[in-house]
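*Asks:* Pasting a predicted model and its sequence here:
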Amino acid sequence: MPRKTVLVVEDEEDIRHIVRYNLEKEGYHVVAVAAAEDGLRRVRTEPPDVVILDLMLPGMDGLEFCRVLRKDPATDGIPIIMLTAKGEEADIVTGLELGADDYVTKPFSPKVLTARLRAVLRRRPSRAPQPDRDSILSLGDIVIDRQRHRVTVAEQPIDLTFTEFRILEHMARHPGWVFTRYQIVDAVRGEDYAVTDRSVDVHVASIRRKLGPTRSCIQTVRGVGYRVKE
């Protein structure tokens, strides 16, 4: 089986060395660069299996790098793990909204980073196509095409991130059911994901905003979680 390629975008040389050393020890092929611009060139010429991305970078910062990848259909599916300093909650929230799959705070444990990397790669493999009868989900004016990974509202496409699509799809398959935040994360990201109430709330808020006038289909059940109206 070919080795998975990890692109590390980090301007601190010591951290690049630590990440490269530990990931190569685990059998990954690691490409490390110091600037986002170099990272983008690498992504477009040799797409990696996952990106580990520092937020504070010279020139283009990590958030803009994430935004560029998620806007391009050719790179939208590449998982991104953000590296960020402790206390930078606003950056974490923004990164999750832009489509980052996970984040690790600095200073970090190489073992934790490696475990998060494995978890992200397990969550991202292509799923087998669903039978035609199950591929379309409808919630009034909202239509979810599971095979094409596409959502439309009143026949107009809306742009959801990978995680947002999975959350909406999961709840839409069980209209009326109430899901806790932990259940949503288990279903969408796997049991080994580090659950935070804030990250789930951020994704749901973003989905609602993008759904526009149909946003009320996602209901908050106070003290429990969320559900999609029947």
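*Replies:* Arrived safely, thanks for sending.
*Asks:* Would you map out the domains in this protein?
*Replies:* The chain breaks down by automatic domain parsing into domains covering 5-123, 132-228.
*Asks:* Could you pull out the strands in the chain for me?
*Replies:* Here the chain has its strands, by DSSP state E, at 5-9, 29-33, 50-54, 80-85, 102-106, 136-139, 142-145, 150-153, 156-158, 179-180, 218-221, 225-228.
*Asks:* Any stretches of this protein with poor pLDDT?
*Replies:* By pLDDT under 70, the low-scoring segments of the chain are 1, 86-88, 124-134, 189-197.
*Asks:* Please measure how far the first residue of stretch 72-84 sits from its last one.
*Replies:* This stretch, stretch 72-84, spans 24 Å end to end (C-alpha to C-alpha, to the nearest Å).
*Asks:* Flag every buried residue along that stretch.
*Replies:* Within stretch 72-84, the residues scored as buried using 16 or more other C-beta atoms under 10 Å are Thr75, Ile78, Pro79, Ile80, Ile81, Met82, Leu83, Thr84. Every C-beta, even on glycine, is put in place using the N, C-alpha and C of the backbone.
*Asks:* and which of the residues you listed is nearest to Leu40?
*Replies:* Nearest to Leu40 among those is Thr75, at 8.8 Å by C-beta to C-beta.
*Asks:* ok, Val153 - how many residues close by?
*Replies:* Residues near Val153, counting by other C-beta atoms under 10 Å, number 19.
*Asks:* quick one, what contacts it?
*Replies:* Residues counted as contacts of Val153 (C-beta atoms under 8 Å, 6 or more residues apart in numbering) are Asp141, Ile142, Leu211, Gly212, Pro213, Thr214.
*Asks:* Apply 10 Å and report the result again.
*Replies:* By C-beta atoms under 10 Å, 6 or more residues apart in numbering, Val153 lies in contact with Leu139, Gly140, Asp141, Ile142, Val143, Lys210, Leu211, Gly212, Pro213, Thr214, Arg215, Cys217.
*Asks:* Spell out for me which residue occupies the centre of this protein.
*Replies:* Most central in the chain under C-alpha atoms, centre = their mean is Asp101, positioned 2.7 Å from the mean C-alpha point.
*Asks:* how far away is that one from Val224?
*Replies:* Noted for Asp101: a distance of 26 Å to Val224, by C-beta to C-beta, to the nearest Å.
*Asks:* Same check on Leu168?
*Replies:* To Val224, Leu168 is 18 Å away according to C-beta to C-beta.
*Asks:* Give me the more crowded residue out of those two.
*Replies:* Leu168 (27 against 12).
*Asks:* and the more buried one, how far is that from Trp177?
*Replies:* 14 Å.
*Asks:* returning to that earlier point: out of the strands of the chain, which is the most enclosed?
*Replies:* Stretch with highest mean neighbour count among the strands of the chain: strand 50-54 (a mean of 26; mean count of other C-beta atoms under 10 Å).
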